[in-house]
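**Q** model this:
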Amino acid sequence: MTTFTALTNIMGKSAAQAISDAMEGMLPPPTGVGVFEVEDNSGMWEVGGYFEAAPDKASLSLLAATFGVKSFKVSELPETDWVAHVKRELPPIDAGRFFVYGSHVSDVLPDGRVGLLVDAALAFGTGHHGTTLGCLRAFDRLLNNGEVFADVVDVGCGTAVLAMAAAKTTGANIIASDIDPIAVEVAQTNLSANNMSGVVMCVTAAGFDDPVLHSAAPFDLIFANILKGPLIKLAPDMAKNAKVGAFAILSGLLNEQADEITATYARSGFNLVSRDEIGDWTTLTLRLKF
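**A** Residues are numbered from 1 along each chain as shown. Now for the predicted structure:
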């Protein structure tokens, strides 16, 4: 399907966000709007709208005049199979004992490594992003420290790469959950591709609000690689569904958001064990107080 972009620049994040908010009200509406800082230390921000049909030029001209910016540059994007494209571009990833690779990789699995076959798909988590990679490294460190887990949940599982990592290294009962049913389908597909069908239970759920999770709780390891807002809301429920001394590995956080999440979870009884940064992203390992 052919899509269209409409881009303009403006100084300052707040001004860019104001344009973004205004674009959301266009007719026909964009399928998405993004705000990005231009990485040249100039303070310039780019605002981009994405459309399934050609955007209304009069509306864009009015927006540009209202906010005093240059005219939007409209581009038509050709139809592209982005999943296939990404598959070709993704190299295998080393994360401690874990080796994450796609089906396009023909190399033999390195000796002594735990292989996780994860193809690019319509769900988050190929292992390449700093958040997923950080979670895998944090989990690897816990295993190296001799920690043993019996009940594990991967909240917001995406591709289920974290749930699969736990399944291949522990004898735990493992649940992978996501609010997005497409992600749950992707998780099930990845489990099948790794010859792990039935090893991990996959459910569509928002946080811990599901009978399957209720019956499996409490957990001694909780992965939650989601976003700051959902993580903050999840803190009290996570404490209620965790065993005393349980570990929580949290990510989906920008570095500047980590202190707030650490403080939020401290109020729910979690102590900080480690904090790891990969690029702009932070992974927190926490433990519920004894």
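
**Q** which ones are touching L272?
**A** Shown here is L272, whose contacts under the criterion C-beta atoms under 8 Å, 6 or more residues apart in numbering are 262, 266, 284-286. C-betas here are computed from N, CA, C, even on glycine.

**Q** switch the cut-off to 6 Å
**A** L272 is in contact with 262, 286, counting by C-beta atoms under 6 Å, 6 or more residues apart in numbering.

**Q** Distance-wise, check it relative to F139.
**A** Plainly put, L272 is 16 Å away from F139 if you go by C-beta to C-beta, to the nearest Å.

**Q** do T170 as well
**A** Computed as C-beta to C-beta, the T170 to F139 distance reads 10 Å.

**Q** More neighbours: which of those two?
**A** Here T170 and F139 are set side by side on neighbour count (other C-beta atoms under 10 Å), and the busier one is F139, at 28 against 19.

**Q** next one: the host helix or strand of the more buried one to chain centre, how far?
**A** Secondary structure here is read from DSSP states H and E; on that basis F139 sits in helix 130-144. The chain centroid and the centroid of helix 130-144 are separated by 14 Å, computed with C-alpha atoms, centre = their mean, to the nearest Å.

**Q** For that helix, output the C-alpha coordinates as CSV.
**A** These are the backbone C-alpha positions of helix 130-144, laid out as CSV (Å, rounded to 0.1, in the frame of the first residue of the first chain):
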residue,chain,number,x,y,z
GLY,A,130,18.6,-1.6,23.8
THR,A,131,15.6,-2.5,26.0
THR,A,132,15.3,-6.2,25.0
LEU,A,133,19.0,-6.6,24.9
GLY,A,134,19.3,-5.0,28.4
CYS,A,135,16.6,-7.5,29.7
LEU,A,136,18.5,-10.5,28.3
ARG,A,137,21.8,-9.3,29.8
ALA,A,138,20.1,-8.6,33.2
PHE,A,139,18.5,-12.1,33.2
ASP,A,140,21.8,-13.7,32.2
ARG,A,141,23.5,-12.0,35.1
LEU,A,142,20.9,-13.4,37.6
LEU,A,143,21.5,-16.9,36.2
ASN,A,144,25.2,-16.4,36.6
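
**Q** Would you mark the buried spots in that helix?
**A** Neighbour-count burial for helix 130-144, counted by 16 or more other C-beta atoms under 10 Å, picks out 130-143.

**Q** Which stretches in the stretch 51-200 of the chain count as strands?
**A** Secondary structure of the stretch 51-200 of the chain (DSSP state E, counting those that start in this stretch): strands located at 73-77, 93-95, 98-101, 114-117, 151-155, 173-178, 200-204.

**Q** Does anything pack onto the fourth one? Which helices or strands?
**A** Other elements packing on strand 114-117 under the criterion 3 or more C-beta pairs under 6 Å, 6 or more residues apart in numbering; DSSP states H and E are strand 98-101, helix 161-169.

**Q** is it possible to export the buried residues of helix 130-144 to JSON lines including pLDDT and distance to T66?
**A** Supplementary listing: these in JSON lines, determined by pLDDT from 0 to 100; distance: C-beta to C-beta, whole Å:
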{"residue": "G130", "pLDDT": "74", "distance to T66": "37"}
{"residue": "T131", "pLDDT": "86", "distance to T66": "36"}
{"residue": "T132", "pLDDT": "88", "distance to T66": "40"}
{"residue": "L133", "pLDDT": "89", "distance to T66": "42"}
{"residue": "G134", "pLDDT": "93", "distance to T66": "41"}
{"residue": "C135", "pLDDT": "94", "distance to T66": "43"}
{"residue": "L136", "pLDDT": "95", "distance to T66": "46"}
{"residue": "R137", "pLDDT": "95", "distance to T66": "47"}
{"residue": "A138", "pLDDT": "97", "distance to T66": "46"}
{"residue": "F139", "pLDDT": "98", "distance to T66": "49"}
{"residue": "D140", "pLDDT": "97", "distance to T66": "51"}
{"residue": "R141", "pLDDT": "97", "distance to T66": "51"}
{"residue": "L142", "pLDDT": "98", "distance to T66": "52"}
{"residue": "L143", "pLDDT": "97", "distance to T66": "55"}
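
**Q** Quick check: of those, which lies closest to A187?
**A** Of all the buried residues of helix 130-144, A187 sits closest to T132, with 13.4 Å by C-beta to C-beta.

**Q** pLDDT score for E185?
**A** According to the predicted model, the pLDDT of E185 comes to 90.

**Q** okay, now it: neighbour count?
**A** A count of nearby residues for E185, using other C-beta under 10 Å, gives 16.

**Q** Residue numbering should commence at 144 henceforth.
**A** Renumbered: residue one is now 144, and that last one reads E328.
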